[in-house]
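Undergrad: need coordinates for the below:
(one chain, ligands or ions: 1)
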Amino acid sequence: MIVYASRTGNVQSIVGKLGLPAIAIEQAISITKPFLLFTYTDGLGSVPLVVENYMQQNHTLCKGIIVSGNRNFGHSMFGRAGDLLANYYQLPLIAKLDLRGTTAEYEQIKQFYNSIWNEAR
Ligand SMILES: Cc1cc2nc3c(=O)[nH]c(=O)nc-3n(C[C@H](O)[C@H](O)[C@H](O)COP(=O)(O)O)c2cc1C
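TA: Alright, predicted model coming up:
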């Protein structure tokens, strides 16, 4: 399962292309299964508040982080929400995508997803 936050549609669009089970963070309140967290990056490289709150409650079920950002914000700010979450919760940062990213990155995400959930089964 992928739990995602999308404000302007990029993350949502990517999630649609991955073809993996996914749920918007607003709908994932009572999740009981392990998930990957896919977020965008907010101003000054920050973690969106909705994601911060969600992870405070549900981080024990989270198996990895995927982030979208925009390289134009500069190297230290690009996708920093993903770095912050991965460091704080000691989780793997699976991919950092520039806006909607590339098909190669989608493959990488799918591979990670399958490696985790084939193991769990
Ligand atoms: C107000 C605002 C601030 C942003 N700040 C950053 C930033 O500091 N670093 C970054 O990498 N991307 C930043 N972004 C870019 C978004 O993270 C990026 O466009 C992402 O793909 C948005 O995903 P979404 O369309 O699913 O909401 C910002 C976007 C907006 C609108």
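
Undergrad: surely residue 22 touches residue 6?
TA: No. The pair residue 22 / residue 6 is not scored as a contact, 10.3 Å apart, by C-beta atoms under 8 Å. Placement of C-beta: from N, CA and C, glycine included.

Undergrad: find residues that contact each of the two.
TA: residue 15 (C-beta atoms under 8 Å, 6 or more residues apart in numbering).

Undergrad: ok, the closest residue to the ligand within the chain - how many residues close by?
TA: Closest to the ligand within the chain is residue 69: 2.3 Å, counting by C-beta to the nearest ligand atom. Using other C-beta atoms under 10 Å, residue 69 is surrounded by 23 other residues.

Undergrad: pLDDT score for it?
TA: According to the predicted model, the pLDDT of residue 69 comes to 98.

Undergrad: for it, what are its contacts?
TA: 40-41, 45, 77-82, 96-99.

Undergrad: ok, now with 7 Å
TA: Contacts here follow C-beta atoms under 7 Å, 6 or more residues apart in numbering; on that basis residue 69 touches 41, 78, 79, 96, 98.
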